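S.K.: take this sequence and fold it.
(chains A and B)
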Amino acid sequence: GAVVSQHPSWVICKSGTSVKIECRSLDFQATTMFWYRQFPKQSLMLMATSNEGSKATYEQGVEKDKFLINHASLTLSTLTVTSAHPEDSSFYICSALQGDQPQHFGDGTRLSIL
Amino acid sequence: QQQVKQSPQSLIVQKGGISIINCAYENTAFDYFPWYQQFPGKGPALLIAIRPDVSEKKEGRFTISFNKSAKQFSLHIMDSQPGDSATYFCAASEDGGATNKLIFGTGTLLAVQP
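M.R.: Now for the predicted structure:
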């Protein structure tokens, strides 16, 4: 089956640093990837839609300069949280589309900013 | 109008019982309704999904009931097992279903007691 891998699974860093999260489709090509944010015991909120070779489409209220998304290949999308602060601490999840099949989700990245 | 309302917030069921989770929506353009299961520290996994042209879909112990006129859909888990203990999310999307962005419900934490 389709596998989506996220790396790292957990990261702790100091306030003010930038953190990059990778999302890879391991056994299929994904023209579209999605990035979600999930707070503890809450739902998944879509942050942005990422299409290979083009700029990401951000949801209302999501700062594009804060959350940089790059989808340089059909198997890799990255989310960079720039100048991270404690309020950016969250669980970040990506998903990828394989043709017209349902989205396949990664196992998420837990980001903790000290 | 983009919201998907989910209830209950939490649910405790005895082993062997039936777990029922309900969702309601307003946007009549929604045409794809999946249910996801999420374990702690993991990404959501697709359980079962339905489109508005059918009123019920069953896969193993999981059944979706769909009421188009009421704009409601529900997940039934038959013969609930302790291993089913997880958070369940309903979701909805429009214009192409599985390939479009998902709007998630607020989640239901299910605990199945042995």
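
S.K.: quick one: contacts for residue 7?
M.R.: Defaulting to chain A. If you count contacts by Cβ atoms under 8 Å, 6 or more residues apart in numbering or on different chains, A:His7 has them with A:21-22, A:24, A:109. C-beta here means a position set from N, CA and C on the backbone, and glycine is covered the same way.

S.K.: um, chain B though
M.R.: Contacts of B:Ser7 by Cβ under 8 Å, 6+ apart are B:21-23, B:108.

S.K.: before we move on, what about B:Asn22?
M.R.: When contacts are counted by Cβ under 8 Å, 6+ apart, B:Asn22 touches B:6-8, B:72-74.

S.K.: 10 Å instead?
M.R.: Residues near B:Asn22 by Cβ atoms under 10 Å, 6 or more residues apart in numbering or on different chains: B:5-8, B:65, B:72-75, B:90, B:105, B:108.

S.K.: distance of it relative to chain A?
M.R.: To chain A, B:Asn22 is 15 Å away according to Cβ to the nearest Cβ, to the nearest Å.

S.K.: bridging residues for that residue?
M.R.: Under the criterion DSSP bridges, B:Asn22 forms beta bridges with B:Ser7, B:Ser74.

S.K.: can I get the contacts of B:Ser7 in a markdown table including pLDDT?
M.R.: Below are these laid out as a markdown table (pLDDT from 0 to 100):
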| residue | pLDDT |
| --- | --- |
| B:Ile21 | 98 |
| B:Asn22 | 98 |
| B:Cys23 | 98 |
| B:Thr108 | 97 |
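
S.K.: A:Asp100: which of those is nearest?
M.R.: A:Asp100 lies nearest to B:Cys23 out of those, by Cβ to Cβ, at 23.4 Å.

S.K.: I figured the closest one hits B:Phe89, correct?
M.R.: Yes - between B:Cys23 and B:Phe89 there is a contact at 9.1 Å, judged by Cβ atoms under 10 Å.

S.K.: list residues touching both of those two?
M.R.: Counting by Cβ under 10 Å, 6+ apart, the common neighbours of B:Cys23 and B:Phe89 are B:4, B:6, B:35, B:75, B:104-106, B:108.

S.K.: take those and keep only those in strands.
M.R.: Among the shared contacts of B:Cys23 and B:Phe89, the members found in strands (DSSP state E) are B:4, B:6, B:35, B:75, B:104, B:108.

S.K.: next, the contact list for B:Asp53, please.
M.R.: Each residue near B:Asp53 by Cβ under 10 Å, 6+ apart is listed here: B:31, B:66, B:68.
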